[in-house]
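K.L.:
Sequence unavailable; structure follows:
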């Protein structure tokens, strides 16, 4: 391996990195490019997508986190909808791709309403652009052994999914019929503060009616 790989192998260096991360290395730019080219040729470093890289499996000390990779691909996004609902065990289906919501800003305005990006053995990433006005509530920073990524809480992920599909539901039995939603898991997970955080923030009738109806049914 070359000197660049030795530096990238440092545990303080991101497991998933891009050109911006490489530019912070105390090394001449041309030298970095030359060493990177050699590392890619020898598969010491693997190109995941565009300017996103990781160490070859033989040299990597931790696994790749797909959710974190999804925000390396498109920084202005957060993990949501089916991916979050599956992880929370609110829906029974296993989700093998990462579903995310694009955040509106000067960069994302150029993206289509939705897009899917495949990264070969590193997975499939699906993005939907939903809200013209940013709604930050119900989104938190998830820490990982690699770093961190933005993630919707389950109730926020469900609101995003209903708005994406333009589905108007106000009862849990409707969610059970449509999504095979797990009532018991919802009832165990949801607290009054989850609704306090979201109600009145969307100003979107189908979401506000959903939140009001489900909260009333759960007596929260």
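P.N.:
Looks like it came in fine. Keep in mind the model is a prediction, meaning the values are calculated, not measured. Residues are numbered from 1 along each chain as shown.

K.L.:
Show me what the most centrally placed residue in the chain is bridged to.
P.N.:
Of all residues in the chain, the one closest to the mean position by Cα atoms, centre = their mean is residue 79, 2.7 Å from it. Using DSSP bridges, the beta-bridge partners of residue 79 come out as residue 100, residue 151.

K.L.:
ok, it touching residue 102?
P.N.:
No: with contact defined as Cβ atoms under 8 Å, residue 79 and residue 102 do not form a contacting pair (11.7 Å). Just so you know, the C-beta spots here come from the backbone N, C-alpha and C atoms, and that holds for glycine as well.

K.L.:
thinking again about what came up before, I'd like the distance between the residue nearest to the centre of the chain and residue 208.
P.N.:
Separation of residue 79 from residue 208 (Cβ to Cβ, to the nearest Å): 23 Å.

K.L.:
ok, which stretches of the chain are helices?
P.N.:
With DSSP state H as the criterion, the chain has helices at 3-8, 19-23, 29-41, 66-73, 81-87, 154-165, 172-179, 183-189, 192-198, 205-218.

K.L.:
elements contacting the first one?
P.N.:
In this case it means helix 3-8. With contacts taken as 3 or more Cβ pairs under 8 Å, 6 or more residues apart in numbering; DSSP states H and E, helix 3-8 sits against helix 29-41, strand 45-49.

K.L.:
ok, now the fifth one?
P.N.:
The helices and strands touching helix 81-87, judged by 3+ Cβ pairs under 8 Å, 6+ apart, are strand 98-102, strand 148-152, helix 154-165.

K.L.:
again, 10 Å this time
P.N.:
helix 66-73, strand 98-102, strand 124-129, strand 148-152, helix 154-165 (3 or more Cβ pairs under 10 Å, 6 or more residues apart in numbering; DSSP states H and E).

K.L.:
Domain map for this structure?
P.N.:
What automatic domain parsing lists as the domains of the chain is 3-55, 66-218.

K.L.:
Deepest-packed of these, please.
P.N.:
domain 66-218 (a mean of 17; mean count of other Cβ atoms under 10 Å).

K.L.:
Isn't residue 202 up against residue 159?
P.N.:
Yes: here residue 202 lies in contact with residue 159, judged by Cβ atoms under 10 Å, at a distance of 6.9 Å.

K.L.:
Overlap of the contact sets of these two?
P.N.:
135, 137, 138, 208, 210, 211 (Cβ atoms under 10 Å, 6 or more residues apart in numbering).
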